[in-house]
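> Below: sequence and its predicted model.
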Amino acid sequence: MEGIERLLDRARQGNSEALSVLYHRFLPGIFGYMATRVPDRATAEDLTSDVFLQMVEGIAHLRAEDEAGFTAWLLRIARVAVASYYRKREQQPAHLSLPGQA
């Protein structure tokens, strides 16, 4: 198995194979984090996808050199995604059904 340092170097250069390995290696942890913080699986899946999209878009600027730093970076992205989800949800008007209306 390739070391995380080498994977990060390759991913920073846009190597799709390295990005895929990082995705598959860290997907279970990020999805688990999301699944415990949002109300349903579909939302957890959507937010997890957002985290990995942001990973791909931002990895060229990542300074972390090891697994701990990379994990912390991904979790920071995940925390912001969850907070943003709840912030948007609070701003949406509540939909109430009136008696006799569908």
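Good, I have the coordinates. Numbering: from 1, shown residues only.

> can you pull the pLDDT of the residue nearest to residue 35 when sequence neighbours are not counted?
Nearest residue to residue 35, sequence neighbours excluded (C-beta to C-beta, 6 or more residues apart in numbering): residue 44, at 4.3 Å. For every residue, glycine as well, the C-beta is placed using N, CA and C. pLDDT recorded at residue 44 is 97.

> quick one: the helices in this protein?
Secondary structure of the chain (DSSP state H): helices located at 4-12, 16-35, 41-58, 67-91.

> Would you reformat these as JSON lines and include mean neighbour count and distance to residue 99?
Listed next are these as JSON lines, based on neighbours: other C-beta atoms under 10 Å; distance: least, C-beta to C-beta, whole Å:
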{"stretch": "helix 4-12", "mean neighbour count": "17", "distance to residue 99": "56"}
{"stretch": "helix 16-35", "mean neighbour count": "16", "distance to residue 99": "36"}
{"stretch": "helix 41-58", "mean neighbour count": "16", "distance to residue 99": "30"}
{"stretch": "helix 67-91", "mean neighbour count": "14", "distance to residue 99": "26"}
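
> Low-confidence bits of the chain, can you list those?
For the chain, applying pLDDT under 70 flags the ranges 1, 92-98, 100-102.

> Enumerate every residue touching the most centrally placed residue in the chain.
Closest to where the C-alpha atoms of the chain average out (C-alpha atoms, centre = their mean) is residue 51, at 2.1 Å. Residue 51 makes contact with 30, 34, 74, 77, 78, 81, according to C-beta atoms under 8 Å, 6 or more residues apart in numbering.

> Thanks a lot, catch you later.
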